[in-house]
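Undergrad: Quick one: sequence plus predicted model below, questions after.
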Amino acid sequence: MGNAKIAVVGAGLMGHGIAQVFALAGHDVTITDSFAQNLDTAKSRIAANLRDLGEDESAVENVRACGDLREAVRDADYVVEAVLEDLPLKQKLFAEIEHNVRPDTILASNTSVIPITAIMQGLTRRERALGTHWWNPPFLVPLVEVIETQWTSAEAVAWTMKLHQAAGKTPAHVKKDVPGFIGNRLQHALWREAISLVEQGICNAETVDSVVKASFGRRLPVLGPLENADLVGTDLTLAIHNTVLPAIESRPSPSPYLQKLVADKKLGFKSGEGFRKWSPDERAALRAKLMNHLKAMRDS
Ligand SMILES: NC(=O)c1ccc[n+]([C@@H]2O[C@H](COP(=O)([O-])OP(=O)(O)OC[C@H]3O[C@@H](n4cnc5c(N)ncnc54)[C@H](O)[C@@H]3O)[C@@H](O)[C@H]2O)c1
């Protein structure tokens, strides 16, 4: 893939990291934001990340900060939006973006949970619109889910998959615009059962996390669930499901236990207590441990 002109709309947590990945891959990146302070600090945040990661700091020179949305997207081959998770805002922005780009410019949203179909339905050329769901931090977690809608062209999907692959990401094609895409459906199926185990008094929160980290969590980086099912045998998997599936949590709404935590303002790190209590030192230590782990995974 050659050099492309990429516009990133939104210079927050995700937007500046996405811009960084494309800049490091050698593309010309323009980043824009309606909040001047976030735009003004975008390049210095990218430079600091590159320094911290031991990457080529000069890549930041491939990024141009631009306060005007229309100008930022005008020459783009590809526009990715990472503004607040707000449907009317995203719809309004894409309408304005579409007015100011070429007919073949590909348009992507980094929404976490809003249907891509809802964001893109008002566009004139819906065949060039899709979702790209990055994971935080964008420069350390490899996956980018590329979500097509009923209107997206095969060419737009293929080009976007290639763009991310060439930038060192692991793109995954999501063929239907379903809530949670792939990664969050899998992740939250696990979280639902984790909460249920605590709710039923089978173990405490610390034990749930310890069991995951000391067992199948160890294998997950090299053995996905369906590889694992094949490894042990589909017949054994069927026998386990016959016994276990009727017993595990299947309710279609959030757990009352979780709802009570939120009602009691036990919001996790931000309030100092959620499923467990967290001192400031414990919070900082877990954050640092996670970043060090992700960096080590990148280098391995
Ligand atoms: N944080 C995550 O872990 C994560 C992961 C995957 C996807 N996402 C999604 O990515 C998107 C951005 O999330 P974030 O965590 O970077 O949020 P953030 O709050 O850090 O950044 C959002 C940015 O959008 C800017 N903005 C708001 N209105 C704008 C406008 N009209 N024009 C231009 N810029 C505008 C804000 O000033 C801010 O800089 C959301 O849709 C979110 O759901 C987040």
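TA: Received, thanks.

Undergrad: Close to the ligand: what parts of the stretch 101-250 of the chain are there?
TA: Contact residues (CB under 6 Å from any ligand atom) of the stretch 101-250 of the chain with the ligand: N110, T111, S112, H133, W134, W135, N136. The way it works is simple: take the backbone N, C-alpha and C, and place the C-beta from them, glycine included.

Undergrad: try it again with 5 Å
TA: Within the stretch 101-250 of the chain, the positions near the ligand by CB under 5 Å from any ligand atom are N110, T111, S112, N136.

Undergrad: List only buried entries from those residues.
TA: Those of these that meet the buried threshold are N110, T111, by 16 or more other CB atoms under 10 Å.

Undergrad: Run a quick neighbour tally on G180.
TA: Close neighbours of G180, defined as other CB atoms under 10 Å, add up to 16.

Undergrad: sec struct for V146, please.
TA: Taking DSSP: H, G, I helix; E, B strand; the rest coil as the rule, one finds V146 in the strand state.

Undergrad: Surely it and T170 touch.
TA: No: at 10.6 Å, V146 and T170 do not qualify as touching, with contact defined as CB atoms under 8 Å.

Undergrad: Mutual contacts of the two, please.
TA: H164 (CB atoms under 8 Å, 6 or more residues apart in numbering).

Undergrad: okay, the two: which has more neighbours?
TA: With neighbours defined as other CB under 10 Å, V146 and T170 compare such that V146 has more, 25 against 11.

Undergrad: Quick check: the more buried one vs F269, distance?
TA: In this view, V146 and F269 are 31 Å apart by CB to CB, to the nearest Å.

Undergrad: contacting residues around M120?
TA: F94, L107, S109, R126, A129, L130, T149, W151.

Undergrad: Test of understanding: give the bridge partners of the third one.
TA: Yep, that's S109 we're talking about. Beta-bridge pairing of S109 under DSSP bridges involves E81, G131.

Undergrad: what residues are up against it?
TA: S109 makes contact with V80, E81, K90, F94, I116, I119, M120, A129, G131, T132 under the criterion CB under 8 Å, 6+ apart.

Undergrad: The last one: neighbouring residues, count only.
TA: What that stands for is T132. When neighbours are counted by other CB under 10 Å, T132 registers 26.

Undergrad: How confident was the prediction at the closest residue to E273 other than its chain neighbours?
TA: Once flanking residues are discounted, E273 sits nearest to K266: 4.8 Å by CB to CB, 6 or more residues apart in numbering. pLDDT for K266: 98.

Undergrad: if I look at K266, how far off is V73?
TA: 42 Å.

Undergrad: Which one's more surrounded, those two?
TA: For K266 versus V73, the count of surrounding residues by other CB under 10 Å is larger for V73: 29 against 16.

Undergrad: Tell me where this protein has strands.
TA: 5-9, 28-32, 63-65, 78-81, 106-109, 129-134, 143-147, 170-174 (DSSP state E).

Undergrad: will you turn those strands into TSV that also has mean pLDDT?
TA: Formatted as TSV, those follow (pLDDT from 0 to 100):
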stretch	mean pLDDT
strand 5-9	98
strand 28-32	98
strand 63-65	98
strand 78-81	98
strand 106-109	98
strand 129-134	98
strand 143-147	98
strand 170-174	98
